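Colleague: Mind looking at a prediction? Sequence and model below.
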Amino acid sequence: MADKGKNEKEKDSGSVIAGNRKAYHDYEILSSMEAGIALHGTEVKSCRMHSVSLQDSFARIDKGEIFVYNVNISPYSHGNRFNHTPMRQRRLLLHKREILRLSQQVKEKGYALIPLKMYLVRGKIKIQLGVAKGKTFGDKRETLRKKQDDMDMRRAAKR
């Protein structure tokens, strides 16, 4: 029986809860780092059920702390009156040195902190935070053109 529990923990490790695919389309990701996230009880249970949306979310540095905004964690189905509010600001757990490094990078014009994905590591919920620079309309069009050309090349190579 102990082996069964061990396998469940291994499956739990590294599983992606939610991803932000639109961030890779709208932004050029320069660097990324892992951060913990401070959640309430029912939020954790709801995250484990994969009912999280990172679309249109962003992070901001405020008074030496980093908060993430617009992360929609749906209310837990069995949460009764102790359920959480779905859209609230949540504090990210980082070392002071890491926060200072991120604040230096974000001070430049056009850079932002964007949550890229949320996942489980050894039973703890983590969020991957990316330092990103916004793409222009022409840049977005160019990346789509490159993807299409790569797909055409692969199809031609298969034939």
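Modeller: Cool, the structure landed. Numbers count the residues shown, from 1 in each chain.
Colleague: give me the beta-bridge partners of the residue minimising distance to the centre of the chain?
Modeller: In the chain, the C-alpha nearest the mean C-alpha coordinate belongs to residue 117, at 2.7 Å (Cα atoms, centre = their mean). Residue 117 forms beta bridges with residue 19, residue 128, as assigned by DSSP bridges.
Colleague: do residue 111 as well
Modeller: Residues in beta-bridge contact with residue 111 (DSSP bridges): residue 133.
Colleague: wait, isn't it in contact with residue 104?
Modeller: No - Residue 111 lies out of contact with residue 104 (Cβ atoms under 8 Å); the separation is 10.1 Å. All C-beta spots, glycine's among them, are computed from the backbone N, C-alpha and C.
Colleague: if you count what's nearby, which of the two comes out ahead?
Modeller: Applying other Cβ atoms under 10 Å to residue 111 and residue 104 shows that residue 111 carries more neighbours, namely 16 against 9.
Colleague: and that one, what is it in contact with?
Modeller: By Cβ atoms under 8 Å, 6 or more residues apart in numbering, residue 111 lies in contact with 30, 105, 131-133.
Colleague: repeat for residue 54
Modeller: Contacts for residue 54 were tallied using Cβ under 8 Å, 6+ apart; they are 18-20, 23, 71, 115-118.
Colleague: Apply 10 Å and report the result again.
Modeller: Residue 54 makes contact with 17-23, 68, 70-73, 114-118, 127-128, according to Cβ atoms under 10 Å, 6 or more residues apart in numbering.
Colleague: Provide a PyMOL selection command restricted to the buried entries of the residues you listed.
Modeller: If you want just the buried ones from the contacts of residue 54 in PyMOL, going by 16 or more other Cβ atoms under 10 Å, the selection is:
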select buried, resi 17+18+19+20+23+68+71+73+114+115+116+117+118+127+128
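Colleague: Can you report phi and psi for residue 147?
Modeller: When read as degrees, to the nearest 10, the backbone of residue 147 gives phi -60, psi -40.
Colleague: can you pull the contacts of it?
Modeller: Neighbours of residue 147 in contact, by Cβ under 10 Å, 6+ apart: none.
Colleague: pretty sure residue 46 is in contact with residue 53, am I right?
Modeller: No - with contact defined as Cβ atoms under 10 Å, residue 46 and residue 53 do not form a contacting pair (11.3 Å).
Colleague: Next, show the common contact partners of these two.
Modeller: Common contact partners of residue 46 and residue 53 (Cβ under 10 Å, 6+ apart): 73-74, 86.
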